[in-house]
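> Got a sequence here, can you build the structure:
(one chain, ligands or ions: 3)
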Amino acid sequence: MRSESLLEYLLVNFRWVFVVFFLLPCTVLGKIWSVFEKSLWSRHTGLEHEKNLSHVQRQIRHRNKLAPDQVMCTARPSWRSMTIADMAYKKYMFNIDVHLDGIVSINAKTRTVRVEPGITMGRLIPILIESGWTVPVALDMEDLTIGGLVMGTGLESSSHKFGLFHETCTRYELITANGDLIICSKSENADIFESIPYSYGTLGFLTAVDIQMIPAKKYVKLKYRPIRTLEKMESRLIVETNDLENNDFVELLIYNKDEGVLMTGKMTDGNRDIKYVNRIGRFYKPWFFKHVESFLMTWKIGEEYIPLKDYYFRHNKPLFWEIQDIIPFGNHPVFRYLLGWLMPAKVALLKLTQTDTIKQLYAKHHFIDDFILPISSLKKSVQQFHAILNIYPIWVCPTVLRPGKGLMHSPATVNNMYIDIGLYGEPKVSKYNPTILRDLEIFVLKLKGFKMMYAGTYLNIDEFRTMFDHRLYDQIRQNLSCKSNFPEVYDKVNREARI
Ligand SMILES: Cc1cc2nc3c(=O)[nH]c(=O)nc-3n(C[C@H](O)[C@H](O)[C@H](O)COP(=O)(O)OP(=O)(O)OC[C@H]3O[C@@H](n4cnc5c(N)ncnc54)[C@H](O)[C@@H]3O)c2cc1C
Ligand SMILES: NC(=O)C1=CN([C@@H]2O[C@H](COP(=O)(O)OP(=O)(O)OC[C@H]3O[C@@H](n4cnc5c(N)ncnc54)[C@H](OP(=O)(O)O)[C@@H]3O)[C@@H](O)[C@H]2O)C=CC1
Ligand SMILES: CC(C)=CCC[C@@H](C)[C@H]1CC[C@H]2C3=C(CC[C@]12C)[C@@]1(C)CC[C@H](O)C[C@@H]1CC3
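Ligands and ions are numbered 1, 2, ... in the order given. Presented below is the predicted three-dimensional model:
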């Protein structure tokens, strides 16, 4: 008993010892294994994909005989999912193993890549870049899966141009409740195609996704612009997101309520007069958010070339800024040069190995969430988040929302520019209480905004249905006989389901 509590004490107060000396080496071993695994299984043939498909279908048909009243979800365990929450529903729903994670084909003629949903960004992007391609919205965390990004939602610094991740997808293969395979695209089963994004696996199981490809270039020419006052940040952000010609990437990091750094980037192959290439992905390089912050010290506009892959995964090493709570000295040059090559820590392993006390401490004293709001409410929202949470840095990522009939779309009949506001860290207000999140969600609802659901919600079902348009979704659920076979989205994202 005593030794258990000593271990608990050490794990809570000196988590870095466990992370640095055990978890990071495990991650490296895992990486070595995955390089070996990759060379064996990365590129599937169509035949293997067919085999994988029938494996999923067999399981569904088996369940339909064995437990027709038990609703289904994927068997992907909670600890592998990119969220701090545990999915309580996995325990009582019927788990279907949708273990498909290969690349089915890369088609340069149609400029599409067909992948299975379990493939991660960290595996897909390097393979595409090697072949001279990339995807329009490449997410910044290596372990995010394509299935999770379609069924949940994903956005990145190119979303002001291309929209949410699913808007770059052109075809889905979906296995429905009775085990049938249906193909959905803009021209085939168009209504189902529109309902799938954000449906959290509640219409069927995805088995393949076609994603558009665009030619990859060598670098991103990135400009850093320090800005004072929220008003100026808001107005400059509006200007830069409208300049689609010059800006392939737009991102803002806010460091305190008056100062931020706006970054705009352009993909380029460079030319002979490239002055400086900053290979930020190298193990000894400072954490990206710290590098960006340094432009507030000099207060000068900066410009540099960053290799494309390094740019994409710029927030992966420090997990935005979350890793500083676990390894406080992780950005110190001594650590970077000696042990930086072990980074980044694998989120799944951090999650798998956290003790109940760590989990409770995070639940009580930590905040991880994202809100999607109209761009014109940047100042107002940041002021509100400052008063209620006082967490910095704040991640601001513009994204265009298009009109449509799916769960999340522009409320108008035209495209609308929104921003994702990401708040990750320990609230610095004196009276922080996690239930305050509900007030924030209502604030966002009133501004006609949305919440990213990976973290769960305190909204009740009616408020949730006001935030997300369920009209087409309800109809499709009825057409696909989902009622007794799949839960509703709300059943998967409310606070009792995600603990
Ligand atoms: C010490 C340690 C270090 C590790 N380090 C790394 C690392 O650095 N990099 C890395 O990539 N991994 C790492 N891992 C994870 C490791 O790679 C995987 O756990 C291992 O490779 C098994 O993966 P698998 O794909 O064979 O999954 P399995 O063990 O076959 O599957 C695990 C579960 O996930 C479900 N599942 C898997 N894929 C899907 C999907 N696409 N859709 C739905 N459900 C799915 C399966 O149904 C099953 O229930 C590490 C694991 C350990 C224990
Ligand atoms: N930059 C960004 O945009 C970021 C986004 N995120 C969030 O992370 C999540 C993605 O994380 P990830 O770990 O990849 O995914 P998850 O395992 O969290 O899956 C997300 C949802 O997608 C469903 N799903 C996944 N694959 C399939 C499939 N093949 N068929 C049917 N449903 C499926 C899951 O269903 P089930 O519940 O049945 O398992 C789950 O409800 C998203 O919710 C995203 O919003 C997180 C960090 C950054
Ligand atoms: C860019 C967007 C939209 C979201 C980024 C969210 C990430 C910052 C979080 C997603 C999963 C989170 C987890 C942790 C930190 C923050 C995320 C990476 C932990 C590693 C924090 C420490 C805990 O013990 C485990 C967490 C797992 C999930």
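
> which stretches of the stretch 301-450 of the chain form strands?
Under the criterion DSSP state E, counting those that start in this stretch, the stretch 301-450 of the chain contains strands at 302-307, 367-374, 394-401, 416-425, 450-451.

> Include distance to residue 115 when you put the ones you listed into JSON lines, please.
Where you see a C-beta, it was placed from the backbone N, CA and C, and this is true even at glycine. Converted to JSON lines, the strands of the stretch 301-450 of the chain look like this (distance: least, CB to CB, whole Å):
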{"stretch": "strand 302-307", "distance to residue 115": "23"}
{"stretch": "strand 367-374", "distance to residue 115": "24"}
{"stretch": "strand 394-401", "distance to residue 115": "22"}
{"stretch": "strand 416-425", "distance to residue 115": "24"}
{"stretch": "strand 450-451", "distance to residue 115": "26"}
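
> Mind putting these into a markdown table with mean neighbour count, mean pLDDT and distance to ligand 2?
A markdown table is the format used below for the strands of the stretch 301-450 of the chain (neighbours: other CB atoms under 10 Å; pLDDT from 0 to 100; distance: least, CB to the nearest ligand atom, whole Å):
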| stretch | mean neighbour count | mean pLDDT | distance to ligand 2 |
| --- | --- | --- | --- |
| strand 302-307 | 18 | 96 | 18 |
| strand 367-374 | 20 | 97 | 7 |
| strand 394-401 | 23 | 98 | 8 |
| strand 416-425 | 22 | 97 | 7 |
| strand 450-451 | 24 | 96 | 10 |
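
> wait, which of the ones you listed is closest to residue 135?
When the strands of the stretch 301-450 of the chain are compared by CB to CB, strand 394-401 sits nearest residue 135, at 15.3 Å.

> by contact count, what packs against the closest one?
Counting contacts by 3 or more CB pairs under 8 Å, 6 or more residues apart in numbering; DSSP states H and E, strand 394-401 is packed against helix 159-162, helix 230-242, strand 249-256, strand 367-374, helix 378-388, strand 416-425.

> 6 Å instead, please
Contacting strand 394-401 under the criterion 3 or more CB pairs under 6 Å, 6 or more residues apart in numbering; DSSP states H and E are the following elements: helix 159-162, strand 249-256, strand 416-425.

> Need these in TSV (columns: distance to residue 32).
Output for the helices and strands packed on strand 394-401, formatted as TSV (distance: least, CB to CB, whole Å):
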stretch	distance to residue 32
helix 159-162	34
strand 249-256	32
strand 416-425	29
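
> thinking again about what came up before, with respect to residue 99, which of the strands of the stretch 301-450 of the chain lies nearest?
strand 367-374 (27.1 Å).

> wouldn't residue 164 be in contact with residue 155 here?
Yes. Taking CB atoms under 6 Å as the definition, residue 164 is a contact partner of residue 155 at 5.4 Å.

> Quick check: which element contains the nearest residue to residue 312 once chain neighbours are set aside?
Residue nearest to residue 312 in three dimensions, not counting chain neighbours: residue 138, with 4.6 Å by CB to CB, 6 or more residues apart in numbering. Of the helices and strands defined by DSSP states H and E, none includes residue 138.

> Then residue 201?
Counting by DSSP H and E, residue 201 is found in no helix or strand.

> burial count for it?
Residue 201 has 24 neighbours, counted by other CB atoms under 10 Å.

> Provide the backbone phi and psi angles at it.
Here is the backbone geometry of residue 201 (degrees, to the nearest 10): phi 70, psi 30.

> List phi and psi for the residue lying closest to it once chain neighbours are set aside.
With CB to CB, 6+ apart as the criterion, residue 201 has its nearest non-adjacent residue at 5.1 Å, and that residue is residue 151. Main-chain torsions, residue 151, degrees, to the nearest 10: phi -80, psi -30.

> With the one 5 residues further on instead?
Dihedral angles of residue 156 (phi, psi; degrees, to the nearest 10) stand at phi -150, psi -180.

> wouldn't it be in contact with residue 137 here?
Yes. Using CB under 6 Å, residue 156 is in contact with residue 137, at 5.0 Å.

> Next one: residue 102 from ligand 3, what distance?
25 Å (CB to the nearest ligand atom, to the nearest Å).

> how many other residues sit next to that residue?
When neighbours are defined as other CB under 10 Å, residue 102 has 19 of them.

> got a pLDDT number for it?
pLDDT for residue 102: 92.

> same thing with the one 5 residues further on?
For residue 107, the model assigns a pLDDT of 96.

> how much space between it and residue 146?
16 Å (CB to CB, to the nearest Å).

> wouldn't residue 116 be in contact with residue 100 here?
Yes. Here residue 116 reaches residue 100: they are 3.5 Å apart, a contact under CB under 6 Å.

> closest to ligand 1 out of the helices and strands packed on strand 394-401?
strand 416-425 (21.9 Å; CB to the nearest ligand atom).

> Now do the contacts for the residue positioned nearest the centre of the chain.
Nearest to the geometric centre of the chain sits residue 154, at 5.0 Å (CA atoms, centre = their mean). Contact analysis of residue 154 by CB atoms under 6 Å, 6 or more residues apart in numbering lists 139, 165.

> Validate this expectation: it resides in a helix.
No. Counting by DSSP: H, G, I helix; E, B strand; the rest coil, residue 154 falls outside a helix, being coil.

> What's the separation between the residue nearest to residue 312 and residue 177?
On the measure of CB to CB, residue 138 and residue 177 end up 33 Å apart.

> swap in residue 139?
29 Å.

> With residue 208 instead?
From residue 208 to residue 177 the distance is 18 Å (CB to CB).

> what do you get for residue 326?
For residue 326, the distance to residue 177 equals 41 Å [CB to CB].

> Same check on residue 135?
30 Å.

> just to revisit the earlier point, have a look at residue 326 and residue 177 and say which one is more surrounded.
residue 177 (22 against 18).

> Quick check: nearest residue in space to the more buried one, chain neighbours excluded?
Closest to residue 177 by CB to CB, 6+ apart is residue 485, at 3.6 Å.

> Just give me the neighbour total for that neighbour.
23.

> And for residue 471?
Neighbours of residue 471 under the rule other CB under 10 Å: 12.

> same question, the one 10 residues further on
Each residue near residue 481 was counted by other CB under 10 Å, and the total is 12.

> pLDDT score for it?
In this model, residue 481 is scored at 97, pLDDT.

> Kindly report the same for the one 10 residues further on.
Listed pLDDT for residue 491 reads 97.
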